[in-house]
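**Student:** Provide a 3D model corresponding to the input given below.
(one chain, ligands or ions: 3)
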Amino acid sequence: MPDILIKNTRIYYNNSLQSAEIIIEDGKVTKIGKDLRVSSSDMIIDAGGALTLPAGIDVHVHFREPGMTSKENWYTGSCAAAAGGVTTVIDQPNTVPPTTNRLAFEQKLRLARGKSIVDFGINGGVTGNIEKLEELWKLGVTAFGEIFMAESTGGLNINEETFEEALAEIKRLDALATIHAEDEKMRLEFEKLLKGDTSYEYHSRVRPNACEAAAVQKALELVSKLQVRAHLCHISTLEATGIIRKKKYLARRENKEPLFTCEVTPHHLFLSTRDWERLRSFGKMNPPLRGGNSIKALVNGINDGTIDMVASDHAPHLESEKDVDIRAAPSGVPGVETLMPLMLAAVRKNILPLSRMIMLTSWNPAKAFGLDRKSKGRLEVGFDADLIIVNPRELRPIKAEFLHSKAGWTPFEGMEGVFPEYTLSRGEVIWIEESINAKPGRGNFLEGRGERSEEDEEDLEEIGETQD
Ligand SMILES: NC(=O)N[C@@H](CC(=O)O)C(=O)O
Ligand SMILES: [Zn+2]
Ligand SMILES: [Zn+2]
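**Tutor:** Ligands and ions are numbered 1, 2, ... in the order given. Model (predicted):
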């Protein structure tokens, strides 16, 4: 691999934007400075004054393989990531089969190792499989979940009793529980009450703000009781943001780091119930589209530190599956490729500062999911050269025809984004001049913190090695 010099660029470093040069050797950033020297055989990237930033870490994607490859697979999903400036993803367990035991985990690992062009973690699924969690943890899952407290795609939701048992086991393993927090009983109640409602907006009403708030409250009470580390997925409401802000404040007042983190998605930040008319069933996702007050609260939350990170909840479904009435349509929207472009556009529009955007998309997810110990998440000497080069002034309309997901559509059609000119993963340029420049299978598995036996270690190293 040639060494790389990125010159004529600006970086956010030591709390300010400054011009710099970056040297990359063996996939790592080895020097940051000015007038750096390289040998003639090295590759030079002239950024033309554009920004070099840490690439995105998306801790919440559904790449659908195995089992639902008409919607997405590890190659198409990871190409979408690379083109959107994301070089690390964590895949969710609601595939077919679900990632709830050794066999299913090894099958997914083999497929991902054969096809992914970006680095990846794999989460372990939580159903009635409490006795399998230890094995999954030792095999290297990044975290557990998303644990479904309510029904969503894949039907992996569990009842309150199993939920508590699972959290207790995850605590015992000193692992991380990631939680889809919606209250199933309340959802069922509203389903009965709204029987005659055939509007698209029905979906926002059947999972009202209170449905998320109740589940977040419940989940955080258990987190405190069991002292388990947790992460709340796709927080979407004013109410939940308020609960989280208060819990974090109370923890900090006692000089404790909060035991939990949370994420928000671009679709909850940049779309609202006003989009139902335009999006029809394409706007159906869990948790659902919310009103303006929630959006304001989420924006405040990403700025004041209540919300730790953004993640896409990339949940591709085909147009043919979505273009049906609101009850029949599957929930979920694609988003891994538009995550960074939308966040960069939001910086451009002064919705949040660049410094905060960098924290939300790289360092905070790295820390929360233990990827900092894999040298991920910062533009810094010694860290992986997972970088994007972007011109922040270049706002472009988002168009599905240029995106890489198999979904073939985007809920953000026509909205503005700032797309990367280059994406580098461990010092390899994998996206340049609007093209993918990477072999399937170059992505590395980032195993979790679970201790493996030597035997497992050897087995796992073999998985995927024969494929290229
Ligand atoms: N967000 C969704 O509406 N759907 C996700 C599952 C999930 O994250 O709940 C999916 O896998 O389709
Ligand atoms: Zn979810
Ligand atoms: Zn999800």
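**Student:** Quickly list the domain ranges of this protein.
**Tutor:** 2-44, 54-377+392-416 (the TED database).
**Student:** Give me the distance from the first one to the chain's centre.
**Tutor:** Just to be clear, that refers to domain 2-44. 27 Å (Cα atoms, centre = their mean, to the nearest Å).
**Student:** Same check on the last one?
**Tutor:** For domain 54-377+392-416, the distance from its own C-alpha centre to the chain's C-alpha centre is 6 Å (Cα atoms, centre = their mean).
**Student:** near ligand 2 at all, it?
**Tutor:** Yes: Domain 54-377+392-416 comes into contact with ligand 2 (Cβ under 5 Å from the ion), by way of 146, 180. Where C-beta positions appear, they are placed from N, C-alpha and C, glycine not excepted.
**Student:** How about residues contacting stretch 63-71?
**Tutor:** 72-74, 77-78, 89, 91, 95-97, 107-108, 111-112, 115, 314, 316-318, 321, 406-407 (Cβ atoms under 8 Å, 6 or more residues apart in numbering).
**Student:** Narrow those to those in helices?
**Tutor:** Mapping the contacts of stretch 63-71 onto helices (DSSP state H) picks out 74, 77-78, 107-108, 111-112, 115, 321.
**Student:** Looking at those residues, spot the one nearest ligand 1.
**Tutor:** Using Cβ to the nearest ligand atom, E321 is the member of those that sits closest to ligand 1, with 10.4 Å.
**Student:** coming back round to it: buried subset of the contacts of stretch 63-71, written for PyMOL?
**Tutor:** Buried subset of the contacts of stretch 63-71, written as a PyMOL selection, criterion 16 or more other Cβ atoms under 10 Å:
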select buried, resi 72+73+74+77+78+89+91+95+107+108+111+112+115+314+316+317+318+321+406+407
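**Student:** bridging residues for the closest residue to G145 other than its chain neighbours?
**Tutor:** Excluding the flanking residues, the one nearest G145 by Cβ to Cβ, 6 or more residues apart in numbering is T178, at 3.6 Å. Residues in a beta bridge with T178, per DSSP bridges, are H231.
**Student:** Could you report the neighbour count for T178?
**Tutor:** Using other Cβ atoms under 10 Å, T178 is surrounded by 29 other residues.
**Student:** then stretch 132-142 to CSV, C-alphas only?
**Tutor:** Coordinates of the C-alpha atoms in stretch 132-142 are reproduced here as CSV (Å, rounded to 0.1, in the frame of the first residue of the first chain):
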residue,chain,number,x,y,z
LYS,A,132,-27.0,-18.1,24.2
LEU,A,133,-25.9,-14.6,25.0
GLU,A,134,-22.6,-15.6,26.6
GLU,A,135,-21.6,-17.6,23.6
LEU,A,136,-22.4,-14.8,21.2
TRP,A,137,-20.5,-12.3,23.4
LYS,A,138,-17.4,-14.6,23.4
LEU,A,139,-17.7,-15.0,19.6
GLY,A,140,-17.2,-11.2,19.3
VAL,A,141,-20.6,-9.5,18.9
THR,A,142,-20.2,-5.8,19.3
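**Student:** Report the buried residues of it.
**Tutor:** 132-133, 135-142.
**Student:** Show me these that map onto helices.
**Tutor:** Per DSSP H, those map to helices at 133, 135-139.
**Student:** Mind pulling up the pLDDT for the residue of the chain found nearest ligand 2?
**Tutor:** In the chain, the residue that lies nearest ligand 2 is H180 (3.5 Å; Cβ to the ion). Reading off the confidence values, H180 has pLDDT 98.
**Student:** Enumerate every residue touching it.
**Tutor:** 145-150, 152, 233-234, 286.
**Student:** and ligand 1, which of the residues you listed reach it?
**Tutor:** Subset of the contacts of H180 in contact with ligand 1: 146, 152, 286, counting by Cβ under 6 Å from any ligand atom.
**Student:** Neighbour-wise, give me the winner out of those.
**Tutor:** E146 leads the ones next to ligand 1 among the contacts of H180 on contacts (other Cβ under 10 Å) with 27 neighbours.
**Student:** Isn't it up against Q92?
**Tutor:** Yes: judged on Cβ atoms under 8 Å, E146 makes contact with Q92 at a distance of 5.8 Å.
**Student:** joint contacts of those two?
**Tutor:** 60, 123.
**Student:** how many neighbours does the residue nearest to E394 when sequence neighbours are not counted have?
**Tutor:** Nearest non-adjacent residue to E394, counting by Cβ to Cβ, 6+ apart: V418, 6.0 Å away. The tally of other residues near V418 (other Cβ under 10 Å) stands at 23.
**Student:** any idea how far V418 lies from V228?
**Tutor:** In this view, V418 and V228 are 38 Å apart by Cβ to Cβ, to the nearest Å.
**Student:** Where does I235 sit: helix, strand or coil?
**Tutor:** coil (DSSP: H, G, I helix; E, B strand; the rest coil).
**Student:** Isn't it up against V216?
**Tutor:** Yes: at 7.3 Å, I235 and V216 qualify as touching, with contact defined as Cβ under 8 Å.
**Student:** Show me which residues of the stretch 101-250 of the chain sit near ligand 1.
**Tutor:** Counting by Cβ under 6 Å from any ligand atom, the stretch 101-250 of the chain sits next to ligand 1 at 146, 152-154, 180.
**Student:** What is the nearest of these to D3?
**Tutor:** Nearest to D3 among these: E146, at 39.7 Å, using Cβ to Cβ.
**Student:** Quick one, grab the pLDDT at the closest one.
**Tutor:** 98.
**Student:** what does the one 10 residues further on give?
**Tutor:** The per-residue pLDDT reported for L156 equals 97.
**Student:** Confirm that it sits in a helix.
**Tutor:** No: looking at L156 with three-state DSSP, it is coil, so not inside a helix.
**Student:** which residues touch it?
**Tutor:** 93-94, 98, 125-127, 148.
**Student:** try it again with 6 Å
**Tutor:** L156 is in contact with 94, 98, 127, 148, counting by Cβ atoms under 6 Å, 6 or more residues apart in numbering.
**Student:** so what's it closest to, chain neighbours aside?
**Tutor:** F148 (4.9 Å).
**Student:** Touching, the one you found and G154? I think so.
**Tutor:** No: the pair F148 / G154 is not scored as a contact, 7.7 Å apart, by Cβ atoms under 6 Å.
**Student:** Overlap in contacts, those two.
**Tutor:** In contact with both F148 and G154: no residue, using Cβ under 6 Å, 6+ apart.
**Student:** Out of the helices and strands in the chain, which is least certain?
**Tutor:** Least confident helix or strand, the chain: helix 454-462 with a mean of 81, by mean pLDDT, DSSP states H and E.
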